[in-house]
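>>> pasting a predicted model and its sequence here:
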Amino acid sequence: MPTFRAPRGTRDLLPDETPTWTRLERLASDLATRYGYRRIETPMFEQTAVFERGVGEVTDIVEKELFRIAPRSEEAESWSLRPEPTAGIVRAYVQHGMQTWPQPVKLSMTGSMFRYDRPQAGRYRQFWQFDIEAIGDPGPAVDAEIIELGSRYYRDAGLEGVEVLLNSIGDAACRPAYIAELRAHYRDRIDALPPVERDRLDRNVLRLLDSKDPAMTAINADAPRITDHLCEDCATHFADVRAHLDALGVPYRLEPGLVRGLDYYTRTAFEFYLHGREGQQQALGGGGRYDGLVELLGGRPTPGIGFGIGLDRLVLALEEQGRGSSAGAGAPTAVVVGADPADTASRLRIATELRAAGITARADLARRKLGKQLEGASRDGAHFAIIVGDELAAGEVQLRDLPAGTQKVVPVADLAREVARSHAAHRHGPGASD
Ligand code: HAM
């Protein structure tokens, strides 16, 4: 038993796992750029009030899951680790006067979030999100554009069977009447409500709809539906979002019970699930419109919409589908070995020249016998072993193609070019698998 372990609910991402993460982060960054979203980075912690006001005080995220930083005595401010990126990004939008920039301001961020949740498969205390935000566009076309972008991300990542669940949760005009009706529904069943939900009945009744308590399933099944109570503007917006999705050919399923776990949402709300997993609190990603959030955080009234895609759950889902690891990722193209175990300087110099030419190369620096060095090169999955021997005096080395079992003498001056050429031919030639 080691003395120290990673904190509960956190993991080390080990080198065999990180190629998948690197691939997903690159894909996120490429897609965001292609769709016109520019990278933003906000601090990993903010004033707690940013989350209390933004995400909402009566939400699981703020009530139970916020990682509060113990205040140092000289500081009056209360800080918390970010449980999600949207509130911080909107805080930055207001702080930096982005309202004066051409609208919408389209921003993207990929990074760690922190929630003090009960750890289990797919639920961690530190997890990663790919986040997209378009601030300053009332929609409905951008709503569809964002949902299409999220769907494409999963598809390009290689995950099959992702479904979009879609709903509208109304706005300040129509939600109050709906909330009154919803509250009446729960009041009629008050004896069956778990104590936590009873407590929330007056404070934030919408939260009861996405309660994780199994006792709530039946009570929620026949609860009134927000989509039956939308005002004309919200109903039109919702119909237009659907029309745009239909025009783009993006499949979705209407889910009237979908309310999301954060308070800032208005109108469009959506989640991404693996088909058949909808009931399991295992959303792969989710988002929606937040037309009141900029104002709530001190800016002028400005609409916004975005999504957060959980990378941890995506990696788990890819692994389940046998698409997790990128086999061979990180293997060097060439390993420089030598007949004279002591001559590490020559091996290091040749590897350094190959690296300078853009080739992934390792020098065997272990001062062991040539046979052992060659075994190591094969174990690494290298394409070539470059054998430094007596020919070096004439400015030449042996280039061994490990999978092909062939070997030839190559001048050191031509080595990088020859390795690059043969490696490209191997990768892209007839019968190549990658
Ligand atoms: P969220 O639904 O709270 O939305 O989180 C988005 C995704 O993050 C979830 O669907 C899930 O995949 C992942 N996630 C959440 N909590 C955990 C956890 N404890 N462990 C692992 N993965 C988790 C938001 O955060 C909003 N900011 C999304 C958004 C952006 N809405 C508008 N703009």
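Yes, it's here. Numbering: from 1, shown residues only.

>>> show me the contacts for the residue of the chain found nearest the ligand.
The ligand sits closest to residue 310 of the chain, with a gap of 2.1 Å, by CB to the nearest ligand atom. Backbone N, C-alpha and C define where each C-beta goes, glycine included. Going by CB atoms under 8 Å, 6 or more residues apart in numbering, residue 310 touches 122, 127-129, 283-285.

>>> of these, closest to residue 102?
Nearest to residue 102 among these is residue 129, at 26.2 Å by CB to CB.

>>> quick one, what contacts the closest one?
Residue 129 touches 84-85, 110-111, 113, 308-311, counting by CB under 8 Å, 6+ apart.

>>> now the buried members of those residues.
For the contacts of residue 129, a burial check counting by 16 or more other CB atoms under 10 Å picks out 84-85, 110, 113, 308-311.

>>> adding distance to residue 155, write the contacts of residue 129 out as TSV.
Shown next, in TSV, are these (distance: CB to CB, whole Å):
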residue	distance to residue 155
84	24
85	23
110	18
111	23
113	24
308	18
309	12
310	17
311	16
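
>>> can you list the residues of the stretch 201-350 of the chain near the ligand?
Residues of the stretch 201-350 of the chain lying close to the ligand by CB under 6 Å from any ligand atom are 261-262, 283-288, 290, 306-308, 310, 312-313.

>>> where do the helices sit along the stretch 201-350 of the chain?
Along the stretch 201-350 of the chain, the segments classed as helices by DSSP state H, counting those that start in this stretch run 206-209, 216-221, 232-248, 293-296, 311-320, 344-356.

>>> check the stretch 51-200 of the chain too.
Going by DSSP H, counting those that start in this stretch, the stretch 51-200 of the chain shows helices at 60-63, 86-95, 141-157, 175-187, 195-203.

>>> tell me which residues are up against the longest one.
Residues external to helix 141-157 that are found in contact with it (CB under 8 Å, 6+ apart): 23-24, 27-28, 31, 35, 104, 130, 132, 134, 162, 164, 166, 240-241, 244-245, 247-248, 250, 252, 267-268, 270, 272, 284-285, 287, 289, 305-307, 309, 314, 318.

>>> mind listing what's buried in it?
142-151, 153-154, 157.

>>> same question, stretch 109-122
Using 16+ other CB under 10 Å as the test for burial, stretch 109-122 gives 109-110, 113-117, 122.

>>> go on, stretch 166-175?
Across stretch 166-175, burial judged by 16+ other CB under 10 Å covers 166-171, 174-175.

>>> is stretch 142-161 positioned near the ligand?
No: against the ligand, stretch 142-161 shows no contacts by CB under 6 Å from any ligand atom, the least distance being 8.8 Å.

>>> also stretch 1-8?
No: on the criterion CB under 6 Å from any ligand atom, stretch 1-8 is out of touch with the ligand, staying 12.4 Å away.

>>> gap between that stretch and the chain center?
On the basis of CA atoms, centre = their mean, to the nearest Å, stretch 1-8 sits 26 Å off its chain's mean C-alpha point.

>>> quick check: end-to-end length of that stretch?
15 Å (CA to CA, to the nearest Å).

>>> name the surrounding residues that touch it.
Residues outside stretch 1-8 that contact it (CB under 8 Å, 6+ apart): 12, 119, 125.

>>> pLDDT wise, what is the second one at?
Think residue 119. Residue-level confidence at residue 119 comes out at 93, pLDDT.

>>> now it. Its backbone dihedrals?
Backbone torsions of residue 119, given as degrees, to the nearest 10, read phi -70, psi 140.

>>> dump the residue contacts of it.
Going by CB under 8 Å, 6+ apart, residue 119 touches 8-9, 125.

>>> just the first one next, same as before
Residue 12 sits next to residue 6 when contact means CB under 8 Å, 6+ apart.

>>> look up how far residue 81 lies from it.
From residue 12 over to residue 81 the distance is 18 Å, taken as CB to CB, to the nearest Å.

>>> ok, the last one next?
To residue 81, residue 125 is 10 Å away according to CB to CB.

>>> what touches both of the two?
With CB under 8 Å, 6+ apart as the test, residue 125 and residue 81 both reach 67, 114.

>>> what pLDDT does the closest residue to residue 296 other than its chain neighbours get?
Nearest residue to residue 296, sequence neighbours excluded (CB to CB, 6 or more residues apart in numbering): residue 53, at 5.6 Å. Residue 53 carries a pLDDT value of 91.
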